[in-house]
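Trainee: sequence and predicted model, in that order:
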There are 2 protein chains.
Amino acid sequence: MAMDDSLMVDGLTKGIPPGIQPIPLNSVGGMGWNVLREDMTMPLAVLKRSALDHNGRWMARFLEATGTLLAPHGKTTMSPALFDRQLADGAWGITLATVQQVRVARAGGIGRIVLANQLVGRQAIGYIAAEMARDPGFDFYCLVDSVDGVRQLADRLRTDPPGRPFQVMVEVGAMGGRTGCRTEEVALSVARAVKQAEPLLALRGVEGYEGMVRGDGGGEGDRDDAIRAFLDRMVGVAASCLREDLFAAGPVILSAGGSAFYDMVAGRLGTAGLPRETLVVLRSGCYLTHDSKSYETMFQQIRTRMPEVDGFGPGPSAALEVWAYVQSRPQADKAILTVGKRDISYDVDLPVPTLWFRPGLHDAPAAMPPGTAVVELNDQHAHLSVPPEADLKVGDMVAFSISHPCTTFDKWQVLFLVDDRYDIVSAVKTWF
Amino acid sequence: MAMDDSLMVDGLTKGIPPGIQPIPLNSVGGMGWNVLREDMTMPLAVLKRSALDHNGRWMARFLEATGTLLAPHGKTTMSPALFDRQLADGAWGITLATVQQVRVARAGGIGRIVLANQLVGRQAIGYIAAEMARDPGFDFYCLVDSVDGVRQLADRLRTDPPGRPFQVMVEVGAMGGRTGCRTEEVALSVARAVKQAEPLLALRGVEGYEGMVRGDGGGEGDRDDAIRAFLDRMVGVAASCLREDLFAAGPVILSAGGSAFYDMVAGRLGTAGLPRETLVVLRSGCYLTHDSKSYETMFQQIRTRMPEVDGFGPGPSAALEVWAYVQSRPQADKAILTVGKRDISYDVDLPVPTLWFRPGLHDAPAAMPPGTAVVELNDQHAHLSVPPEADLKVGDMVAFSISHPCTTFDKWQVLFLVDDRYDIVSAVKTWF
């Protein structure tokens, strides 16, 4: 939490009472604030501490059972305080997507970073090289997926030498997908280019992202078969690289695994059977907060594919909620709430109203009146369809559950951890 | 710019070179940075200074010609430095959507604020009341759209008395739309409730937001007819309030006008013919940066409806661009760029690639190779469909034009003003 310890917050930050003058972020938990007592402004993003604790323990059990490592994707939360929590739960490193994100993690003291992208641009490559030169303990990995990319990286590193081998993984991709070599032939040509650039570069592993892989049909089975075939291709590339002696010294890293299919990744890459010590590094970023729709659906599929996860106890639990006020009930069948695209994710599913609290009436949040649903989001408003008889009025508070944590986190500078009574127990800063 | 003057920025902020230690925000323009020389990291959001200047002048001409006032919606940019620019261009005040936004504007020294919402919640009402008590020069307006809302506001103000009348406008809404009274009868009952709450409350005007009004058919003509009827209803409510002597002393304010139909608003509300001095306050927030698709299309419709705008010279020009690198060309027909949902709006239209710059090849940005289009955005990546023969490779830079400025601004802590050579001439901080 070193990074958050030096930060001040005040009423300029969403959620903080507007009249508050600057206070240390780490004193927020000592202010005696409670969400239900209307101590905060709304909209308000809260993280349930008990759910974070549970999810961290759950993932530790999964990793132990499968013998895999985790470098959770930090882009989800971009909160070094949450990165610290993940490392304390046993994470091997932190995965990131951009050089600004790496810069934030380095300021937060993160020692091992996987940049799950090919590094491009003068500033990005120059910064990583300088950081490697500055700190011999900085253990950095990035991806390469083209001979041209390898050449550009090596050329830049000749100008800004990091003083030790720059560790890369060759990225395997799927036709029609995102980045990554489309064929084993291309992957091997990239790996050979890395080998030729030794000792400037060092090939440390094979990487892929199965989350973009689609099957030919539209069904789950087709998709899962395509993902398994994709993981087989990753193992095949690694085996070929070993045969050609393209890897640098040390264990071979096999890394894949977003937040939806990490069971298949652990299953396939964990049994790769390569003739060299192998580290399987998963990169799930969303397990920590989970959600109530997109990843919850995916988790139910994991339970079907890997029934032994039920032996780890209850699965991950949704930790992230956004609260808002009813601002208007302009028609019997409609309410407008003080939450919008600026506050909550809307890219996968619209948010779902789950809890209802009327100051002066309720002692604890009640279930939402049945039949309510978000039908539209504007920048700063949610349109809620409401049964005409529902008792929901101006000034009532509503909690929304979310789908896709990444695009909710990025709408908040500070998120507030709450206990089960909605007392604010601490706060974490994000750096988007 | 007082608020930005005290701020420091460093490599933790998107766009700033990662190795930069803290420097004053207002020294960014003196660093000698140039976008095309790869002095910045990408993605990078830039504002073209010449376009901002032009758009400010254009809107000043529009206001002068129509005799209307402007309280631009500050939620678009949430940049007090840009608010200052808008006030310097002659804006009457700044419109905002939430109490946190008001708090930011107050920190930025904004004296006149329209909160284009009903104020709900203990913290929100308490803060505004305290701020009114603290600063006699704070000229604040908000909306009411229900008798219940008026009662809740008045009850809270009795607890936290602001020491002077709290100015409200009754909000007129459209059936099926967002907030606002659905009928003249409801609007008048709300206005009467305000009158009964004098001197705690003061009814200062009638407000509406025509941007949510839809016609019965799907066409532009239907929509425009519905908007005109909506504006007629606003005038009718104001006339009835005058007949019943519900307004407090001073001019009556009629306020509507987002960024799409302000010509119709100026035309109808500007000729309301009320028997009392009337201020027509438009609230367009997007004119300053404009865009390349959504509001550009709307502006072409304004030209059709109000041909005299062509007499003001060239119309508003797109000021906001987001730059990214080509990170991968994994297939001949596809490129992946370093820009995603975290960086650019995707709620109305996907971004459009417009300019291409290859370091070492180009002296100035060239037009994008024809036939490229964004087909998908992930959190941190754009999928670009590319003609196989197009010369676009890893490390190339691409500028994207945007649709809907609001949801691009909120993805940046700092945006960089550039001159026409893409020298960084200054930077503005946002407060989302």
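Mentor: Structure's in. What do you need?
Trainee: flag the shaky bits of chain A, pLDDT-wise.
Mentor: Applying pLDDT under 70 to chain A picks out residues A:1.
Trainee: residue boundaries of the helices in chain A?
Mentor: Assigned helices in chain A, in chain order: A:2-5, A:49-66, A:80-88, A:99-107, A:122-134, A:147-159, A:184-196, A:220-243, A:262-269, A:294-305, A:406-409 (criterion: DSSP state H).
Trainee: tabulate the ones you listed (TSV), appending mean neighbour count.
Mentor: For the C-beta atoms, the positions are set from N, CA and C on the backbone; glycine is no exception. TSV is the format used below for the helices of chain A (neighbours: other Cβ atoms under 10 Å in any protein chain shown):
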stretch	mean neighbour count
helix A:2-5	16
helix A:49-66	18
helix A:80-88	21
helix A:99-107	25
helix A:122-134	20
helix A:147-159	19
helix A:184-196	20
helix A:220-243	18
helix A:262-269	23
helix A:294-305	16
helix A:406-409	25
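Trainee: mind putting these into TSV with distance to A:Val322?
Mentor: TSV is the format used below for the helices of chain A (distance: least, Cβ to Cβ, whole Å):
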stretch	distance to A:Val322
helix A:2-5	21
helix A:49-66	14
helix A:80-88	17
helix A:99-107	23
helix A:122-134	33
helix A:147-159	39
helix A:184-196	42
helix A:220-243	29
helix A:262-269	26
helix A:294-305	15
helix A:406-409	7
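Trainee: for A:Leu417, which of the ones you listed is the nearest?
Mentor: helix A:49-66 (4.9 Å; Cβ to Cβ).
Trainee: for stretch A:283-290, the distance to its chain's centre please.
Mentor: Offset of stretch A:283-290 from its chain centre (Cα atoms, centre = their mean, to the nearest Å): 5 Å.
Trainee: hmm, I was thinking of stretch A:117-136
Mentor: Stretch A:117-136 sits 23 Å away from the centroid of its parent chain (Cα atoms, centre = their mean).
Trainee: same question, stretch A:415-430
Mentor: Distance, centroid of stretch A:415-430 to centroid of chain: 19 Å (Cα atoms, centre = their mean).
Trainee: what parts of the stretch 1-150 of chain A come near chain B?
Mentor: Within the stretch 1-150 of chain A, the positions lying close to chain B (Cβ under 8 Å from any Cβ of the partner chain) are A:11-15, A:17-19, A:38-43, A:75, A:97-100, A:102-104, A:107, A:117-118, A:120-124, A:126-127, A:130, A:145-146, A:148-149.
Trainee: care to break chain A down by domain?
Mentor: Annotated domains of chain A cover A:8-48+A:317-429, A:67-283 [automatic domain parsing].
Trainee: in JSON lines: those, plus distance to B:Ser6.
Mentor: Shown next, in JSON lines, are the domains of chain A (distance: least, Cβ to Cβ, whole Å):
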{"stretch": "domain A:8-48+A:317-429", "distance to B:Ser6": "12"}
{"stretch": "domain A:67-283", "distance to B:Ser6": "21"}
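Trainee: so which of those domains is nearest B:Leu337?
Mentor: Closest to B:Leu337 of the domains of chain A, according to Cβ to Cβ: domain A:67-283, at 9.8 Å.
Trainee: what's the burial count for whichever residue of the stretch 151-300 of chain A sits closest to chain B?
Mentor: Nearest residue of the stretch 151-300 of chain A to chain B (Cβ to the nearest Cβ) works out as A:Thr179 at 4.1 Å. Residues lying near A:Thr179 (other Cβ atoms under 10 Å in any protein chain shown) number 28.
Trainee: need the contact list for it.
Mentor: With contact set as Cβ atoms under 8 Å, 6 or more residues apart in numbering or on different chains, A:Thr179 has these partners: A:Asn117, A:Gln118, A:Leu143, A:Asp145, A:Glu171, A:Gly173, A:Tyr209, B:Gln327, B:Ser328, B:Pro330, B:Ile336, B:His381.
Trainee: find the nearest non-adjacent residue to the fourth one, please.
Mentor: Using Cβ to Cβ, 6 or more residues apart in numbering or on different chains and skipping the chain neighbours, the partner closest in space to A:Asp145 is A:Glu171 (4.2 Å).
Trainee: how about A:Lys48: what's its closest non-neighbour residue?
Mentor: Nearest non-adjacent residue to A:Lys48, counting by Cβ to Cβ, 6+ apart: A:Ala319, 4.9 Å away.
Trainee: go on, A:Arg61?
Mentor: Spatial nearest neighbour of A:Arg61, excluding adjacent residues (Cβ to Cβ, 6+ apart): A:Phe312 at 4.3 Å.
Trainee: didn't that neighbour look like it was pressed against A:Glu64?
Mentor: No - contact criterion Cβ atoms under 8 Å: A:Phe312 and A:Glu64 do not qualify, at 9.3 Å.
Trainee: and for the nearest residue to A:Trp323 once chain neighbours are set aside, the neighbour number?
Mentor: Spatially, and ignoring its direct neighbours in sequence, A:Trp323 is nearest to A:Leu44 (4.6 Å; Cβ to Cβ, 6+ apart). Using other Cβ under 10 Å, A:Leu44 has 27 other residues around it.
Trainee: pretty sure A:Tyr287 sits against A:His73.
Mentor: No - judged on Cβ under 8 Å, A:Tyr287 makes no contact with A:His73 at a distance of 10.0 Å.
Trainee: of the helices of chain A, which approaches B:Val418 most closely?
Mentor: Closest to B:Val418 of the helices of chain A is helix A:122-134 (Cβ to Cβ; 16.5 Å).
Trainee: contact partners of that closest one?
Mentor: A:98-99, A:102-103, A:106, A:115, A:119, A:138, A:140, A:142, A:153, A:156-157, A:159-164, A:166, B:11, B:17-19, B:38-41, B:359.
Trainee: rerun that using 7 Å as the cut-off
Mentor: Helix A:122-134 is contacted from outside by A:99, A:102-103, A:106, A:119, A:138, A:140, A:153, A:156-157, A:160-164, B:17-19, B:38, B:40-41, using Cβ atoms under 7 Å, 6 or more residues apart in numbering or on different chains.
Trainee: what segments of the stretch 301-432 of chain A are strands?
Mentor: In the stretch 301-432 of chain A, the strands defined using DSSP state E, counting those that start in this stretch lie at A:320-331, A:334-337, A:352-357, A:366-367, A:373-377, A:382-385, A:397-401, A:414-418, A:424-429.
Trainee: as JSON lines, these with distance to B:His54 and mean neighbour count would be great.
Mentor: Shown next, in JSON lines, are the strands of the stretch 301-432 of chain A (distance: least, Cβ to Cβ, whole Å; neighbours: other Cβ atoms under 10 Å in any protein chain shown):
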{"stretch": "strand A:320-331", "distance to B:His54": "36", "mean neighbour count": "25"}
{"stretch": "strand A:334-337", "distance to B:His54": "36", "mean neighbour count": "26"}
{"stretch": "strand A:352-357", "distance to B:His54": "44", "mean neighbour count": "20"}
{"stretch": "strand A:366-367", "distance to B:His54": "53", "mean neighbour count": "10"}
{"stretch": "strand A:373-377", "distance to B:His54": "32", "mean neighbour count": "16"}
{"stretch": "strand A:382-385", "distance to B:His54": "35", "mean neighbour count": "23"}
{"stretch": "strand A:397-401", "distance to B:His54": "41", "mean neighbour count": "24"}
{"stretch": "strand A:414-418", "distance to B:His54": "37", "mean neighbour count": "24"}
{"stretch": "strand A:424-429", "distance to B:His54": "37", "mean neighbour count": "22"}
